[in-house]
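Asker: Below: sequence and its predicted model.
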Amino acid sequence: MNRRAFLATAAAVTAGCGQTDSSATDTPSSETDPASGTQSGDDPTPTDTPTATETAAPASVAVTDVSVPSTIEIGTAGTLSVTLENSGGQSGSFTSAVEAKVGTSEWAATEASVEATVPAGETVTETVDLPPSDYVEPSSYRLADADPVARTRFVARELPLGERYLLPNGVALSFHDVEFGETYTYEGEDGEKTIEPTDGDKWAVGTVRAENTTDEPARAPLVSDIGFFRGEEEYSFQHISDNRDRYRGGELDAGAVDEGDLPANVPVDSERADLRVEYSERLDEGQITIYWTLAE
């Protein structure tokens, strides 16, 4: 081989050794995937898994306290306060009948009930009217299937002079027109008579009125069950045999009225405001006590 040919061949070999195969070593250029919006050369970003929402605990409403006034007058409705607590995580409704134990009777449902909605985690207090009692006696109240118990006592009813009270048998009783004096005048068998009090006292004379409001015969209170009082001291009805003006009481026909005087001797130093007129009687069903204040 001549020298010129050798140099040409060596130059060709040297040029081939300095080149790199782009198909084997070049990193492909990134391309955007039109469907996903990501580049074909990039790793996709992982999607976060949604966290499940916890369900709140169900409502749990319980009676935590019941209360009632210490005394309630007969013939009037008392008020029962009920405290409800919801320890659950959701709002809850509550409904329960009010039960009563009156006197020596057993627990029994009343016409009263408690209905309330208690928000989650809160406490509410509801009030409900209690049915009246006609008799002087103790009474207890609770809600069905609940432990707290409230206790009260039904006591004598106080009325202003002239106001009537409807007794359990439908007889309306009232006392009015009280007068004081050194003499008492009434219609006797032989005409009008005037008499003086005994032992230096003075007369207190009022009018008792009993009306049978029912369609059947009913018994009105007897005069022996009505009297003037100063504190615990009683001044009873003064019986005058021929007194046609006096109140009698006893059996009344349907719709009938008995009205008359109730004369009594009271201490001469007694003041009107110190006195009251009281009707008190123990019946088979219980004790009834009503009194009218004389203060003006």
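Answerer: Looks like it came in fine.

Asker: As a check, name the ranges of all strands in the stretch 151-296 of the chain.
Answerer: Using DSSP state E, counting those that start in this stretch, the strands found in the stretch 151-296 of the chain span residues 157-160, 165-166, 171-181, 184-188, 191-195, 202-212, 218-220, 226-230, 233-236, 250-252, 257-266, 275-282, 287-293.

Asker: Next one: residue 215 from residue 139, what distance?
Answerer: Per Cβ to Cβ, to the nearest Å, residue 215 is found 31 Å from residue 139. Where C-beta positions appear, they are placed from N, C-alpha and C, glycine not excepted.

Asker: no no, residue 109
Answerer: 14 Å.

Asker: Neighbour count for these two, which is higher?
Answerer: Using other Cβ atoms under 10 Å as the criterion, residue 109 and residue 139 rank with residue 139 on top: 20 against 11.

Asker: Confirm the more buried one sits in a strand?
Answerer: Yes - assessed by DSSP: H, G, I helix; E, B strand; the rest coil, residue 139 belongs to a strand.

Asker: Excluding chain neighbours, what is closest to it?
Answerer: Once flanking residues are discounted, residue 139 sits nearest to residue 102: 4.7 Å by Cβ to Cβ, 6 or more residues apart in numbering.

Asker: and the one you found, what does it touch?
Answerer: Going by Cβ atoms under 8 Å, 6 or more residues apart in numbering, residue 102 touches 133, 137, 138, 139.

Asker: mind redoing it with 7 Å?
Answerer: Residues near residue 102 by Cβ atoms under 7 Å, 6 or more residues apart in numbering: 133, 137, 139.

Asker: would a markdown table of these with distance to residue 91 and pLDDT be doable?
Answerer: As requested, those are exported to a markdown table (distance: Cβ to Cβ, whole Å; pLDDT from 0 to 100):
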| residue | distance to residue 91 | pLDDT |
| --- | --- | --- |
| 133 | 36 | 93 |
| 137 | 40 | 95 |
| 139 | 33 | 96 |
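
Asker: Can you report how many residues neighbour residue 240?
Answerer: Counted with other Cβ under 10 Å, residues neighbouring residue 240 total 16.

Asker: so what's the backbone phi/psi at it?
Answerer: Main-chain torsions, residue 240, degrees, to the nearest 10: phi -120, psi 110.

Asker: which residues does it contact?
Answerer: Residue 240 makes contact with 186, 246 under the criterion Cβ under 7 Å, 6+ apart.

Asker: So it versus residue 206, what's the distance?
Answerer: Going from residue 240 to residue 206 by Cβ to Cβ gives 15 Å.

Asker: and if you look at residue 218?
Answerer: Distance from residue 218 to residue 206, counting by Cβ to Cβ: 22 Å.

Asker: If anything else comes up later, I'll come back, but that's it for now.
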